[in-house]
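Participant: build the 3D model from these lines:
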Amino acid sequence: MMPALATMETSMGAQRSLLMTIAVAGCGFLVATQVLAQSYPQRAIRIIIDRPAGSTHDLLARALSDKLSASLKQTVIVENRVGAGGNLAAEFVAHSTPDGSTLLVALDTTLTVNPTLYKKLSFDPRTDLRPLSIMASTSNMLVVHPSLPVNSVAEFVAYAKANPVSYAHGGNGSPGHLTMELFRMMAGFPATPVPYRGNAQLAVDLAAGQIKVGFVGTSGVIDHVRAGRLKGLAVSSAQRRSAAPDIPTIAEAGYDFHRETYYVLLAPAATPEPVTELIEREARSALQAPDVVNRFRPVNIDIVASSGTEAKARLEADTRLWAKVIEATGMRAD
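Facilitator: Reported below is the predicted structural model:
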């Protein structure tokens with residue numbers, strides 16, 4: 001045999017051997033992940049949340065944990081890791097073992113706003129975390145103190161263009177802060193933001209007239225609106241909310257505007273797909289249970305139970321939107 005031909009056959013043989021090794025390794029990995037999915041969960045599951053006990057996050061996570069514990073026949077624990085605008089919880093899950101035993105329930109802004117709002121993060125939500133579902137959504141409400149001579153969005157915008165306006169929000173990068181900044185940019189009026197450490201004292205000060213304007217979570221101010229201590233001008237969502245059906249949307253005032261706050265279920269990005277598919281399927285089924293839907297609707301929380309693909313697309317679109325708002329306003333983390 002000619003030396004060149006022998007060399008070619010040797011090279012081809014080596015390539016075939018390499019391809020066979022890769023194929024065997026690939027099959028081994030596939031079998032391993034399938035076995036993992038079939039035996040999942042082998043140990044207790046932790047759902048990490050980035051807000052304190054009693055928050056909407058906490059209530060949603062605990063409702064989900066009860067359902068998953070029953071369907072997966074395994075203990076599901078809810079653990080609160082609060083701080084840094086949700087970054088502590090997200091970082092912890094992003095760097096956890098990707099075997100489906102550690103999940104995250106996060107506010108959308110932790111994933112869409114923080115990468116731009118914070119100068120340095122030790123994780124990247126886009127590459128280190130895998131969205132499994134948008135669990136639920138809620139709205140913010142534009143409210144004013146009764147002493148302000150406005151009763152509609154149109155009247156408010158006209159007033160804000162002619163008079164200095166300050167508005168309260170629950171901290172830099174919070175949903176109310178972002179929503180108002182986006183709306184005022186769209187409507188063309190100036191406003192001075194006044195940050196609070198959360199929404200509890202904010203609502204009290206609004207009702208007392210200490211500050212006259214706010215864009216606040218609907219559930220946090222609806223009782224003040226019903227009692228006449230605040231005037232609800234509009235909600236930020238695309239449709240009117242079942243908890244406040246008499247309050248119009250901003251879109252009804254003629255603006256192409258609708259923003260919701262939503263809660264996302266995620267896993268570490270490297271979690272095997274058969275496992276994430278199982279979690280996604282069980283979580284969506286759990287959230288759509290009538291008792292869960294009916295429990296949260298009266299407090300302005302609408303169950304969404306989206307697919308992971310839908311969640312990923314929405315997070316990517318909102319990340320682009322909020323980056324533009326943050327850059328335009330010069331917003332920075334507290």
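Participant: residue nearest the centroid of the chain?
Facilitator: What sits nearest the mean C-alpha location of the chain, by C-alpha atoms, centre = their mean, is Asp108, with 2.0 Å.
Participant: these two touch, right, that residue and Arg259?
Facilitator: No - with contacts counted by C-beta atoms under 8 Å, Asp108 stays clear of Arg259, the gap being 10.0 Å. Every C-beta, even on glycine, is put in place using the N, C-alpha and C of the backbone.
Participant: how about the strands of this protein, start to end?
Facilitator: Secondary structure of the chain by DSSP state E: the strands cover 45-49, 76-80, 102-107, 129-138, 140-144, 166-169, 192-195, 213-217, 231-235, 261-268, 302-303.
Participant: mind putting those into CSV with mean neighbour count, distance to Ala244 and mean pLDDT?
Facilitator: Listed next are the strands of the chain as CSV, based on neighbours: other C-beta atoms under 10 Å; distance: least, C-beta to C-beta, whole Å; pLDDT from 0 to 100:
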stretch, mean neighbour count, distance to Ala244, mean pLDDT
strand 45-49, 23, 26, 98
strand 76-80, 17, 29, 96
strand 102-107, 26, 21, 97
strand 129-138, 25, 11, 97
strand 140-144, 27, 7, 96
strand 166-169, 22, 19, 95
strand 192-195, 14, 24, 94
strand 213-217, 27, 12, 92
strand 231-235, 23, 7, 97
strand 261-268, 25, 15, 97
strand 302-303, 20, 12, 94
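Participant: would you turn these into TSV with distance to Ser69?
Facilitator: TSV is the format used below for the strands of the chain (distance: least, C-beta to C-beta, whole Å):
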stretch	distance to Ser69
strand 45-49	8
strand 76-80	4
strand 102-107	13
strand 129-138	16
strand 140-144	32
strand 166-169	37
strand 192-195	39
strand 213-217	29
strand 231-235	34
strand 261-268	15
strand 302-303	19
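Participant: do you know which of those strands lies nearest Met331?
Facilitator: strand 192-195 (8.7 Å; C-beta to C-beta).
Participant: parallel or antiparallel, list what pairs with that closest one.
Facilitator: Strand partners for strand 192-195, identified by DSSP bridges, are recorded as strand 166-169 (parallel).
Participant: which outside residues touch the strand it pairs with?
Facilitator: If you take C-beta atoms under 8 Å, 6 or more residues apart in numbering as the criterion, strand 166-169 is touched by 176-177, 180, 191-196, 202, 205-206, 211-216.
Participant: look up how far Arg284 lies from Met141.
Facilitator: Distance, Met141 to Arg284, using C-beta to C-beta, to the nearest Å: 28 Å.
Participant: again, but for Asp50
Facilitator: 21 Å.
Participant: likewise for Thr127?
Facilitator: According to C-beta to C-beta, Thr127 stands 24 Å off from Arg284.
Participant: compare the two (neighbour count), which wins?
Facilitator: Using other C-beta atoms under 10 Å as the criterion, Thr127 and Arg284 rank with Arg284 on top: 19 against 9.
Participant: next one: the residue nearest to the more buried one when sequence neighbours are not counted from Pro146, what distance?
Facilitator: Of all residues not flanking Arg284 in the chain, Ala305 sits nearest, at 4.5 Å (C-beta to C-beta, 6 or more residues apart in numbering). With distances taken as C-beta to C-beta, Ala305 is found 38 Å from Pro146.
Participant: between the two, who's got more neighbours?
Facilitator: Comparing Ala305 with Pro146 by other C-beta under 10 Å, the one with more neighbours is Ala305, at 20 against 13.
Participant: so the more buried one sits right up against Ser133, yeah?
Facilitator: Yes - contact criterion C-beta under 8 Å: Ala305 and Ser133 qualify, at 6.0 Å.
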